[in-house]
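A.B. asks: Got a sequence here, can you model it:
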Amino acid sequence: MPATFDSFGVKFLYPDNWSLLDRSESEGDQGVTLELPSGGFLSIEKDLEGQSIEQIVEALASSFENDYDEVEREDLAVDSQEQIERGVEFHFYYLDLLIISRLLILRRGGSRYVVQMQAESRDFDSNELVFEAIVKQLLA
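C.D. replies: Residues are numbered from 1 along each chain as shown. Here you go, the predicted model:
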């Protein structure tokens, strides 16, 4: 039976074996992070700072580059008719494991959301359909 998340104007179903992580007060109540049983995560944040899309992407890229030796970056094709404004995928190694981190910036109503999906490559591949289903629910 899937679990339901419903807060800050966002509602979606997700696998009931994923864990909803607690947020600190400094993180606020305009986001959610779900942890996969295998250790990956899905994070959704409502963009309250009004940063440009490029600033959001570069902040994440800079964070990865500071923590990992080699980071590959690939822009994802997005349909201009869709609500997804930008998609970027990052690949890097951590403890000899290839990590995939996908960043989507999407618009829903009058708000912008930053969605990050990250897992070891095999776990990412096995959960990609679930990630996509959650994004579709966000855009509905």
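A.B. asks: measure stretch 44-63 end to end?
C.D. replies: 18 Å (CA to CA, to the nearest Å).
A.B. asks: Stretch 14-29 too?
C.D. replies: By CA to CA, one end of stretch 14-29 lies 19 Å from the other end.
A.B. asks: Just checking the distance from that stretch to the centre of its chain.
C.D. replies: 13 Å (CA atoms, centre = their mean, to the nearest Å).
A.B. asks: and that stretch, which residues are buried?
C.D. replies: Within stretch 14-29, the residues that count as buried by 16 or more other CB atoms under 10 Å are 14, 18. The way it works is simple: take the backbone N, C-alpha and C, and place the C-beta from them, glycine included.
A.B. asks: can you list contacts of that stretch?
C.D. replies: Stretch 14-29 is touched from outside by 1-5, 7-8, 31-37, 41-42, 48, 130, 134, with contacts defined as CB atoms under 8 Å, 6 or more residues apart in numbering.
A.B. asks: Narrow the residues you listed to those in strands?
C.D. replies: 3-5, 7, 31-35, 41-42 (DSSP state E).
A.B. asks: about what we covered before: any of the contacts of stretch 14-29 buried? List them.
C.D. replies: For the contacts of stretch 14-29, a burial check counting by 16+ other CB under 10 Å picks out 5, 8, 31-34, 36, 41-42, 130, 134.
A.B. asks: So residue 62 belongs to a strand, correct?
C.D. replies: No - Residue 62 is assigned helix when assessed by DSSP: H, G, I helix; E, B strand; the rest coil, not a strand.
A.B. asks: contacts for the one helix or strand in the chain whose mean pLDDT sits lowest?
C.D. replies: Least confident helix or strand of the chain, by mean pLDDT, DSSP states H and E, is helix 53-67 with a mean of 88. Counting contacts by CB under 8 Å, 6+ apart, the residues outside helix 53-67 that touch it are 47, 51, 71, 73, 85-86, 88, 90, 92, 101, 103, 105, 114, 116.
A.B. asks: Report the rounded mean pLDDT for stretch 29-43.
C.D. replies: For stretch 29-43, mean pLDDT is 92.
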